[in-house]
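Fold the following for me, if possible:
(one chain, ligands or ions: 1)
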Amino acid sequence: MSKQLPKDFVMGGATAAYQVEGATKEDGKGQVLWDPFLKKQGRFSPDPAADFYHRYDEDLALAEQYGHQVIRISIAWSRIFPDGAGAVESRGVAYYHRLFAACAKHHIVPFVTLHHFDTPERLHEAGDWLSQEMLDDFVDYAKFCFKEFPEIKHWITINEPTSMAVQQYTSGTFPPAEKGRFDKTFQAEHNQMVAHARIVNLFKSMKIDGEIGIVHALQTVYPYSDTKEDQHAADLQDALDNRLYLDGTLAGEYAPQTLALVREILDANHQPMFHSTPEEMQTIKKAAQQLDFVGVNNYFSKWLRVYHGKSETIHNGTGAKGSSVSRLHGIGEEKKPESVETTDWDWPIYPRGMYDILMRIHNDYPLVPAIYVTENGIGLKESLPSEVTSKTVIADPKRIDYLKKYLGAIADAIDDGANVRGYFVWSLQDQFSWTNGYSKRYGLFFVDFETQKRYIKQSAEWFKKVCERHVIPD
Ligand code: BG6
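Residues are numbered from 1 along each chain as shown. Just a heads-up that it's a prediction; the model follows:
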């Protein structure tokens, strides 16, 4: 049976500055942590990406034509403050004014993220989210943006703080690529929560017309079996992936059980507890009481079973199905049930996990007034047919099937009381993936990275109908 979404439910596509803009050396942009990291890896270049820096008008026109009401965009901090702080680059500021004006021209409302994984290089070198300097400079940059861009009514402080910290210090897939450092992971998570809270409190004290939220990567974690040991492994993974963050940003305090799980992971790895002060906790509390919304990025779920060996993580960054491994000492091993299908990058497809995470927020964190699903989508290996014209439409039935099931799960959560106000597909157009390069395509619009021509995918046509009718067809 087809499912209904509320009439005022907004829909559109998501992007992130570094993944779409390209032009990494243009108009005085400063280096970010990824520039030297990707160069050293030699796998792929962040240029030209989807060349959004020059082609934003074309992409916004497509978004409008295909029924979108909203878009997620991030500001590249280092376009505005090339060094992270100090001198302002007016050409970067002018670019974002042009971009936001184009959004208005095409009747697309932007939701703007201040930090989407692209820490300016100098601040990264100075300790990234582990340094107080980064926090202070981030608050200054946010204040500058709030004053400079009054046309923006929907702000997001940080994209996926947990996934940033975990990939920087636990799995080692993001620079500085350290593995097994749970102490640094939790400290970076706590510090990001403090930075987020300071910005929310600042935003509210400035009495800005608009709303502010944060975006979390949330994957529901299930036990692999019904044994007590597997359940406990799932609880530990959940503390790392979701719970500390949900507590900090949505309840304004870490529940004793959450801290006990965190301490257990750290003790097992002989690492110290993260440091927090009473003032920081007051700041966090105040922000949770004023937060307007939480953004949920959900693509997959996890299943955990007990594991007592050494930590071992292998990232599937190529799409070679079945190549990923995640066994974390002090937590457990990821092992999904046979019945659950995966993408080529080993991400379990499990719409029920979306429903469960939305209901968990609804039931366990009643302080937060609203939820947006700020990212959801499927990465696929896709290519152009040998003969193309400007009218070529690319078939992507797997994406349609995925979106249909996940949107259906969201509709179910809304029916059961969750206040979900909108949905952003990851991604608007094809762009590169941080750890998988250009071969993992998520877009509604296909980008030929050689010519930068755009082609429509069938999913864009399907999504248009959902945007227009607010009905998810069978
Ligand atoms: C989210 C990020 O974690 O997932 C995006 O906010 C990212 O920036 C997306 O691209 C998909 O992840 P991946 O690793 O497949 O690119």
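
From now on I want contacts and neighbour counts done on CA atoms only, so please keep to that.
Will do.

which secondary structure elements does the helix or strand of the chain with the lowest mean pLDDT contact?
Using mean pLDDT, DSSP states H and E, the weakest-scoring helix or strand in the chain turns out to be strand 312-314, at a mean of 92. Using 3 or more C-alpha pairs under 8 Å, 6 or more residues apart in numbering; DSSP states H and E as the contact test, the elements touching strand 312-314 are strand 325-328.

what lines up beside the strand it packs on in the sheet?
Strand pairing for strand 325-328, using DSSP bridges, gives strand 312-314 (antiparallel), strand 332-334 (antiparallel).

hmm, who's touching it?
180, 307, 309-315, 333-334 (C-alpha atoms under 8 Å, 6 or more residues apart in numbering).

okay, those in JSON lines with distance to the ligand and neighbour count next?
Converted to JSON lines, these look like this (distance: C-alpha to the nearest ligand atom, whole Å; neighbours: other C-alpha atoms under 10 Å):
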{"residue": "180", "distance to the ligand": "19", "neighbour count": "20"}
{"residue": "307", "distance to the ligand": "25", "neighbour count": "18"}
{"residue": "309", "distance to the ligand": "26", "neighbour count": "12"}
{"residue": "310", "distance to the ligand": "25", "neighbour count": "12"}
{"residue": "311", "distance to the ligand": "21", "neighbour count": "19"}
{"residue": "312", "distance to the ligand": "19", "neighbour count": "15"}
{"residue": "313", "distance to the ligand": "15", "neighbour count": "18"}
{"residue": "314", "distance to the ligand": "14", "neighbour count": "13"}
{"residue": "315", "distance to the ligand": "10", "neighbour count": "17"}
{"residue": "333", "distance to the ligand": "20", "neighbour count": "27"}
{"residue": "334", "distance to the ligand": "17", "neighbour count": "23"}
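
got the residues you listed as CSV, with distance to residue 5 columns?
Converted to CSV, the contacts of strand 325-328 look like this (distance: C-alpha to C-alpha, whole Å):
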residue, distance to residue 5
180, 42
307, 42
309, 46
310, 46
311, 43
312, 42
313, 39
314, 39
315, 36
333, 37
334, 34
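
from those residues, which is closest to residue 457?
Nearest to residue 457 among the contacts of strand 325-328: residue 315, at 28.4 Å, using C-alpha to C-alpha.

hang on, isn't the closest one packed against residue 321?
No. Residue 315 is beyond contact range of residue 321, at 11.0 Å (criterion: C-alpha atoms under 8 Å).

Which residues of the chain lie near the ligand?
Taking C-alpha under 6 Å from any ligand atom as the criterion, the chain approaches the ligand at residues 433-435.

do that again at 5 Å, thanks
residue 433 (C-alpha under 5 Å from any ligand atom).

what sits against the residue of the stretch 1-150 of the chain found nearest the ligand?
The stretch 1-150 of the chain approaches the ligand most closely through residue 16 (6.2 Å), counting by C-alpha to the nearest ligand atom. If you count contacts by C-alpha under 8 Å, 6+ apart, residue 16 has them with 72-75, 116.

Who wins on neighbours among these?
For the contacts of residue 16, the largest number of neighbours (other C-alpha atoms under 10 Å) sits with residue 74, at 28 neighbours.

Any idea what it is bridged to?
residue 113.

what's next to the least confident helix or strand of the chain, contact-wise?
Under C-alpha under 8 Å, 6+ apart, the answer for strand 312-314 is 171, 323-328.

Residue of the chain closest to the ligand, please.
residue 433 (3.6 Å).

Any idea how many residues pack against residue 165?
Neighbour tally, residue 165, other C-alpha under 10 Å: 27.

show me the contacts for it.
184-186, 188-189.

Using just helix, strand and coil, how would you label the residue sitting furthest away from the middle of the chain?
No residue in the chain sits farther from the centre than residue 387, which is 35.2 Å out by C-alpha atoms, centre = their mean. When classified by DSSP: H, G, I helix; E, B strand; the rest coil, residue 387 comes out as coil.

need the helices for the stretch 351-474 of the chain, in chain order.
351-364, 397-415, 458-469 (DSSP state H, counting those that start in this stretch).

any chance of those helices in JSON lines, plus mean pLDDT?
As requested, these are exported to JSON lines (pLDDT from 0 to 100):
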{"stretch": "helix 351-364", "mean pLDDT": "98"}
{"stretch": "helix 397-415", "mean pLDDT": "98"}
{"stretch": "helix 458-469", "mean pLDDT": "98"}
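
Mean neighbour count for those helices - can I get that in JSON lines?
Listed next are the helices of the stretch 351-474 of the chain as JSON lines, based on neighbours: other C-alpha atoms under 10 Å:
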{"stretch": "helix 351-364", "mean neighbour count": "20"}
{"stretch": "helix 397-415", "mean neighbour count": "19"}
{"stretch": "helix 458-469", "mean neighbour count": "19"}
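
now for the ones you listed, which one comes closest to residue 54?
Here helix 458-469 is closest among these (C-alpha to C-alpha), at 22.0 Å.
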